[in-house]
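Colleague: Quick one, fold the following:
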Amino acid sequence: MASFPYDFESNFEVGSTSEWTSVVGTQVSVKSYKELATQRVWGIPYRGAFALHAEFGVDTDSYVRSTHKTIIISSEDMDSDKVMLYIGKDVEATTTTEVAIIEHLPVVAAAGIRIEAGGDILFGIRSGTAALTTSPIPLERGKYYTIELDAEAANGETCSARIEELGITVTTSNVEATGGTTEARLGIIGIGAGSLANVSGTITLDSYAHDSGRIVGDNTRFPQRQLITKPAHAFVGAGEILDLQLLAGAGTDCALEVYDTDSGDLTRSTLVARLTSASSEEAKDYAGRSSIVVYKGAFIQLEGTRPSAIVSIGATSAYSSEASLRTSAR
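Modeller: Reported below is the predicted structural model:
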């Protein structure tokens, strides 16, 4: 699914995998923050109401895949991915196992983790069928990391993967033949060492983006002013929007709607505000006399040619910390 400002973006905020071509396996699914918060060891969405949840314990690859042209890497080009990865507090392995989280087929590059038997979890990169080249810095369970992957679709060129928060960079050489890729995958994929059945626990994946240039992670998880580039829950729970701006793209068909929902319910009874553009590249302000108040959550619906929105968030019941979100979800 094409989106502005990225070639491809998936936030799972419609509550399904419809942004992707298909789902393979049964161990990944989109879950709401309410479902995820019932288990304290699971990750909840990085932002919004939904995220992709993956459960280990079955020796079958399980992932979402896309063959959309906006996620394909052309011959001899380098493209970048970014995804937020939460390693559940419940992740353990009886046998050291390597798992790919993001990969481009043919496997010019894949970023993943090595879960060592009864111990550390290490971040790494691979190309082809090789084992992961890993960083020696262990990852913590129970927190989000910004995973970045730079994949070069030319044989012999260097591909790299990073975790921005830890300053980790690992590299590998593309051992696949020069040529464009055919699809991308996101989930849990066994890559040789160990078996997915030897791992227990879960990971959570959210806020995926793919582009022709590097995608830098967020400065903060809960900003008071959000730039929203595709339909999304700005926050869940009761709260107020202090200001709202529609940034119209190259057309006069752009519209922004705010719905009071935490489940993507777009029935007209949940609509609380609407802005429309009258000219191309227009910035349209809400300019309301009072803030926009919601009780379940604030879902921002965007329509038209490359629209985006700036949302200024005021007082909320849960939008401040992961602990607040987990409490409000119960």
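Colleague: use CA for all of it now, contacts and neighbours both
Modeller: OK.
Colleague: Quick check: W42 vs D90, distance?
Modeller: Noted for W42: a distance of 8 Å to D90, by C-alpha to C-alpha, to the nearest Å.
Colleague: So if I had to pick from those two, which one is more boxed in?
Modeller: W42 (26 against 15; other C-alpha atoms under 10 Å).
Colleague: can you tell me which helix in this structure is longest?
Modeller: Ordering each helix of the chain by length in residues (DSSP state H) puts helix 322-328 first.
Colleague: Mind listing what's buried along that helix?
Modeller: For helix 322-328, the neighbour count (16 or more other C-alpha atoms under 10 Å) marks 322, 325-326, 328 as buried.
Colleague: and what of stretch 174-188?
Modeller: Quick answer for stretch 174-188 (16+ other C-alpha under 10 Å): 174-176, 178-188.
Colleague: hmm, back to that, show residues contacting the longest helix of the chain.
Modeller: For helix 322-328, contacts defined as C-alpha atoms under 8 Å, 6 or more residues apart in numbering pick out 33-34, 37, 44, 237, 317-319.
Colleague: repeat that with 10 Å
Modeller: 33-34, 36-40, 43-47, 49, 143, 221-222, 235-238, 317-319 (C-alpha atoms under 10 Å, 6 or more residues apart in numbering).
Colleague: about what we covered before: list residues touching both of W42 and D90?
Modeller: Counting by C-alpha under 10 Å, 6+ apart, the shared contacts of W42 and D90 are 141-142, 201-203.
Colleague: So G179 versus L105, what's the distance?
Modeller: If you go by C-alpha to C-alpha, the gap between G179 and L105 works out to 11 Å.
Colleague: Next, show the common contact partners of these two.
Modeller: 73, 153.
Colleague: any idea how far S317 lies from S328?
Modeller: From S317 over to S328 (counting by C-alpha to C-alpha), the distance is 8 Å.
Colleague: go on, V83?
Modeller: V83 is 25 Å from S328, by C-alpha to C-alpha.
Colleague: again, but for Y63
Modeller: From Y63 to S328 the distance is 29 Å (C-alpha to C-alpha).
Colleague: Just the element for V58, please.
Modeller: Secondary-structure assignment from DSSP states H and E places V58 in no helical or strand segment.
Colleague: Lowest-confidence one in the buried residues of stretch 174-188?
Modeller: Note: of the buried residues of stretch 174-188, the lowest pLDDT belongs to T178, at 76.
Colleague: Could you tell me how far it is located from T158?
Modeller: 13 Å.
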